[in-house]
Structure formats: structure tokens, C-alpha cells
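Colleague: Mind folding the following:
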Amino acid sequence: MSDDRPEGLPRRQVAAAVIVEGGLVLVQTRAGPGRYQGYWEFPGGGREGDESPEACVERELLEELGLAVTVLEPFDQVEWAYPGVEVCVDFLLCELASPAERPRALEGQEFRWAAVDELAGLRFLPTNASVIERLRALLGPDGPG
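Modeller: Now for the predicted structure:
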């Protein structure tokens with residue numbers, strides 16, 4: 001973030017998984033309660049203590065969707081100030097540890113495998129915009145395919 005960011009906002013470190021399988025992207029809704037309940041997001045959550053982004057994604061995917069994943073590489077990093085909190089999200093490109101695994105909604109959220117052109121029609125928080133644009137460039141009709 002720039003130096004002109006609001007002073008004194010608490011900072012939250014978050015990690016999220018970008019999982020692409022068969023040209024589809026795994027997304028889920030934010031479970032409640034909370035201000036952004038029902039918004040779509042890439043699965044993940046807040047980092048605990050000195051937890052690495054990779055360890056956070058692996059833990060969160062098991063807790064939220066019952067999925068074991070393998071982190072492949074960093075995909076994007078976004079910093080954003082919401083009312084009352086600043087977030088830094090590390091988006092990591094991941095794959096399912098086993099192709100036979102299927103997600104299960106363990107925290108009451110919805111999830112879906114969405115085509116990249118469907119993502120624009122889902123209500124995401126602004127922190128996801130650059131990731132969606134990168135996915136559109138990679139997976140869309142004009143992408144490298």
C-alpha cells in the first residue's frame with residue numbers, strides 16, 4: 001500500500017488458493033456471520049501467528065472444504081483497506097493433492113467450479129479483481145489456452 005494509507009488500521013494477513021481444474025476455477029462464498037457474508041471468494045483465510053501463506057492455505061482448505069492441496073507457486077499479492085481493517089492477501093496457485101478429492105462445504109458456505117467468464121457475474125470483494133483479470137487472461141478465449 002502507499003504511504004498515504006489510513007493510520008492505525010489493524011492489518012490482517014490472509015492467504016487464498018487459486019485452483020484451476022479442467023478450465024474451471026474453485027470459488028466459495030464467505031460463511032457468516034459478518035459484513036461480507038455471501039460474497040464470493042477464493043478459498044482461504046487468515047494466517048495464524050507466524051504461519052506461512054502456504055501452510056495457511058493448506059490448513060484453511062482442509063478446514064473449509066475438506067481438501068488437501070499442493071501449493072505450486074505464488075499467483076498474486078493484493079493489499080486493500082476496508083472500513084476498519086487493512087488486508088494483505090497472498091493468492092497461491094494450488095492443485096488438488098489427489099484428483100479424486102472433491103470439495104465439501106464444511107462451514108455452511110456455497111462453492112462451485114466456475115468458468116472464468118462466470119466470475120464477473122459473481123459478487124466478489126475488490127481484493128479479488130486483479131486475480132480474476134489474470135485468470136481471464138490465462139483461461140479466457142483470448143488467453144494462451
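
Colleague: My reading is that R12 lies in a strand. Confirm?
Modeller: Yes - under DSSP: H, G, I helix; E, B strand; the rest coil, R12 falls within a strand.

Colleague: Note down every partner strand of the longest strand along the chain and its orientation.
Modeller: Longest strand in the chain by number of residues (criterion: DSSP state E): strand 69-82. Strand 69-82 sits in its sheet next to strand 85-96 (antiparallel), going by DSSP bridges.

Colleague: one step back: off-centre distance for the longest strand of the chain?
Modeller: 7 Å (CA atoms, centre = their mean, to the nearest Å).

Colleague: which parts of that strand are buried?
Modeller: V69, V71, F75, D76, V78, W80 (16 or more other CB atoms under 10 Å). Just so you know, the C-beta spots here come from the backbone N, C-alpha and C atoms, and that holds for glycine as well.

Colleague: OK, contacts around the closest residue in space to the first one that isn't next to it in sequence?
Modeller: Same thing as V69. Spatial nearest neighbour of V69, excluding adjacent residues (CB to CB, 6 or more residues apart in numbering): C94 at 4.3 Å. Counting by CB atoms under 8 Å, 6 or more residues apart in numbering, C94 makes contact with A17, V18, I19, V57, L61, V69, T70, V71, L72.

Colleague: cool, and T29?
Modeller: Q37, G38, Y39, W40, E41, Q109, E110, F111.

Colleague: Buried ones among these?
Modeller: Buried among the contacts of T29 (16+ other CB under 10 Å): W40, E41, Q109, F111.

Colleague: OK, contacts around the residue nearest in space to the middle of the chain?
Modeller: Centroid check for the chain by CA atoms, centre = their mean gives F42 as the closest residue, at 2.6 Å. Residues near F42 by CB under 8 Å, 6+ apart: A16, A17, V18, V25, L26, V27, Q28, F91, N128, V131.
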